[in-house]
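1. Take a look and give me a structure for this.
(chains A, B and C)
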Amino acid sequence: MAMNETDQGYLLPCGRDVEAVWDRLDEIDAHELECPHCLGARESLRALRAVTEEMSRDTSEPSRALFGRIMSAVRAEVRRGDMLPLGVGDLGPVSASERAIAAVLRYAADSVAGVRARHCQVWASVDVVNVELKIAVSVEVVAPDVVSMVRERVTTAATARVGMRVNRLDVTVEDLYDL
Amino acid sequence: MSSQEIVEKLLAALREVPGLRAATPVIAPTSPWVPWDWDALAVDLGAQVVEVRVVATALPLPPLLDKATVMLSEVLRQHGFEAATLRIVVTDLDAAALRDETGTTPSGT
Amino acid sequence: MTAEHVITKPVVAAVAAHAARGVAGVSRLEAGLAGLVGSVARTARQRIKGLDPAPTEGVRVRMDVGVRLEVDIVTTADDQAAAVGRAVQRAVARAVTNATGLAVVEVAVSILDIELS
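-> Numbering: from 1, shown residues only, chains lettered A, B, ... in the order given. Modelled structure (predicted):
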C-alpha cells in the first residue's frame, strides 16, 4: 500500500522529511525550533521512540517490520494535526487529512503527460476546498494546454476521489524541464 | 451455604449460557496445585450488588445477557439475595464472536 | 430483583473495528501512535484466561449519554473518500446497536490516508 509523496519519502507541510527528523531526533536546528509541524513531529517521534524501546525489549518482532509500523503510525499522527471536513451528517463529521487530499490532487496533476507535479497544498473554506498547485512543464508541450488539462483532472479528482468541490485552484508553472 | 458455594452455583448457571464466559483473570501459577477455583474471581458477591464479569464469545449480546440474568437471578433468589442488584459486566469480546459473521477471523494490527 | 448490564469500551470498539474493516473502500484502520502504545493494552486484555481479544485498534469510544465513536481509516484508490466515510458511519452505528443494544450518537470518521493506486 505504501504511499510515497515524493522520491524522498514523506514530507511535512513545511517541506522537511519526517524520516530526516527521526534521524536527527537528538539535535535541533533553527528551523525546527520555530516550525509547528516539525515540533509536533519531533514530539510524536520522541514519544514513539520511548514506547518502541520498551516494545523491542518485550517483542521479538523483527526491527524492519516494527520500523514500518512506527513510520506508518507517525505519518498518521502528523496527519491528524490537519484535517479538512468532508461533511457532517446525522452521525457526525467525516474529515480527511490535508496531506492525503493534497497527495490525491497532486497525483491527478502528475497524470497529465508533460507535467511533473510539485508542491500541492489545500485548505478548506466552509464546504469547499482551495488548491494551490505548483508544477513543472516539459519544454515539448504547450504550457497553456497542459495547464488546462491539469485543472480539469484536479477538479475531477477532488469530486470523484475525495468528495469535495473545488472553489479556487491556482496552478503555477514554476519550472520547465527537458525530457 | 457458604459464599463460595453460592459463587460456584452462579458460575454453574453461567456455564449454561453459551456465548458468555466468566472473565477469569490469568495469574501466573506458582504451583500446579490450585487450592481454589480461579473462576470465582470473576464474581463479587455483595449484599447490595452482585457483580459477575464475563467475556462474550458470541453476538448479539442482549439475548445472551437476558438469559444470563434469568439464570443468575434464580440462583440469587434461592439463596437470600433477592434484594441485591445483579450487575453483569461484559469486559471484553473474543475474536471468535466476530468470526461467525463473515467466516473470516479478524486479524490484529 | 434489579439487574444491570454493563458493556465496556473494548467490546464496543471491537464490534466497531470489525464493521469498519468490512466496508467497501476501507483499506484498513489506522491505529496510529495510540495503536502502538495500545499493544500494551492488548497484553493487559490477554490477561483473561482463554481470551483472544478482538482487535480494537483505530477506534476510540466514549460513553456519555449514548455511545460516541471515533474511527480512523485509510481508503482505497477506487472509491470516493467522503462516500466511504459515510458508509463507515452507517455500518458502525448499525453493528454496534445490533450487537450491544446501545444507541450510537456519533461516529466521527477521520480519513488519514487515501491510497493513490
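2. Surely C:Ala24 is in a helix?
-> No. Counting by DSSP: H, G, I helix; E, B strand; the rest coil, C:Ala24 is not part of a helix but coil.
3. quick one: contacts for it?
-> C:Asp79, C:Val84, C:Ala87 (CB atoms under 8 Å, 6 or more residues apart in numbering or on different chains). Every residue, glycine included, has its C-beta placed from N, CA and C.
4. Tell me which residues touch A:Ser138, please.
-> Per CB under 8 Å, 6+ apart, neighbours of A:Ser138: A:Gly114, A:Val115, A:Arg116, A:Leu176, A:Tyr177, A:Asp178, A:Leu179.
5. Oh, that last question was meant for C:Ala93, not what I typed.
-> Counting by CB under 8 Å, 6+ apart, C:Ala93 makes contact with A:Leu91, C:Val104, C:Val107.
6. wait, the first one sits on C:Ala103?
-> No. Taking CB atoms under 8 Å as the definition, A:Leu91 is not a contact partner of C:Ala103, at 11.6 Å.
7. Those two: who's more crowded?
-> Per other CB atoms under 10 Å in any protein chain shown, whichever of A:Leu91 and C:Ala103 has more neighbours is A:Leu91, with 20 against 11.
8. Relative to chain C, how far out is the more buried one?
-> Computed with CB to the nearest CB, to the nearest Å, the distance linking A:Leu91 and chain C is 4 Å.
9. pLDDT below threshold where in the chain?
-> Since no chain was named, I'll use chain A. Along chain A, the model assigns pLDDT under 70 to residues A:1-13, A:51-52, A:54-63, A:126, A:179.
10. Please refer instead to chain C.
-> C:36-41.
11. again with chain B
-> B:27-37, B:100-109.
12. Tell me which stretches of it form helices.
-> B:3-14, B:61-78, B:96-102 (DSSP state H).
13. and what of chain C?
-> Here chain C has its helices, by DSSP H, at C:9-21, C:32-45, C:81-100.
14. Let me know which of those helices is tucked in deepest.
-> When you average the neighbours per residue for each of those (mean count of other CB atoms under 10 Å in any protein chain shown), helix C:9-21 leads with a mean of 25.
15. counting contacts, what elements does it pack onto?
-> strand B:85-93, helix B:96-102, strand C:26-29, strand C:59-64, strand C:66-75, helix C:81-100 (3 or more CB pairs under 8 Å, 6 or more residues apart in numbering or on different chains; DSSP states H and E).
16. Distance to B:Leu59 added to those, as TSV?
-> Below are the helices and strands packed on helix C:9-21 laid out as TSV (distance: least, CB to CB, whole Å):
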stretch	distance to B:Leu59
strand B:85-93	8
helix B:96-102	5
strand C:26-29	19
strand C:59-64	16
strand C:66-75	16
helix C:81-100	5
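17. picking that back up, what is the nearest of the contacts of C:Ala24 to A:Gly40?
-> If you rank those by distance to A:Gly40 using CB to CB, C:Val84 comes first, at 26.8 Å.
18. Now do the contacts for the closest one.
-> Going by CB under 8 Å, 6+ apart, C:Val84 touches C:Val23, C:Ala24, C:Gly25, C:Val26, C:Ile73, C:Thr75, C:Thr76, C:Ile111.
19. Contacts for stretch B:8-20 next, please.
-> For stretch B:8-20, contacts defined as CB under 8 Å, 6+ apart pick out B:21-22, B:37, B:39-40, B:42-43, B:45, B:50, B:52, B:54-59, B:64-65, B:67-68, B:71-72, B:74-76, B:79, B:90, B:97.
20. Could you tell me which of those count as buried?
-> Taking 16 or more other CB atoms under 10 Å in any protein chain shown as the criterion, what is buried in the contacts of stretch B:8-20 is B:21-22, B:39-40, B:42-43, B:45, B:50, B:52, B:54-59, B:64-65, B:67-68, B:71-72, B:75-76, B:90, B:97.
21. when you check chain C, which of those residues turn up near it?
-> The subset of these within reach of chain C, by CB under 8 Å from any CB of the partner chain, is B:Arg21, B:Val55, B:Ala56, B:Leu59, B:Leu65, B:Leu76, B:Val90, B:Ala97.
22. helices or strands next to the strand or helix carrying A:Ala65 in the packing?
-> Applying DSSP states H and E as the criterion places A:Ala65 in helix A:63-80. On a contact count with 3+ CB pairs under 8 Å, 6+ apart, helix A:63-80 meets helix A:18-23, helix A:36-58, helix A:98-110, helix C:32-45, strand C:104-114.
23. Nearest to chain B, out of these?
-> With CB to the nearest CB, the closest approach to chain B among the helices and strands packed on helix A:63-80 belongs to helix C:32-45: 5.8 Å.
24. Nearest residue to the residue of chain C found nearest chain A in space, please, no chain neighbours.
-> Nearest residue of chain C to chain A (CB to the nearest CB) works out as C:Ala82 at 2.5 Å. Nearest residue to C:Ala82 in three dimensions, chain neighbours excluded: A:Gly163, at 2.5 Å (CB to CB, 6 or more residues apart in numbering or on different chains).
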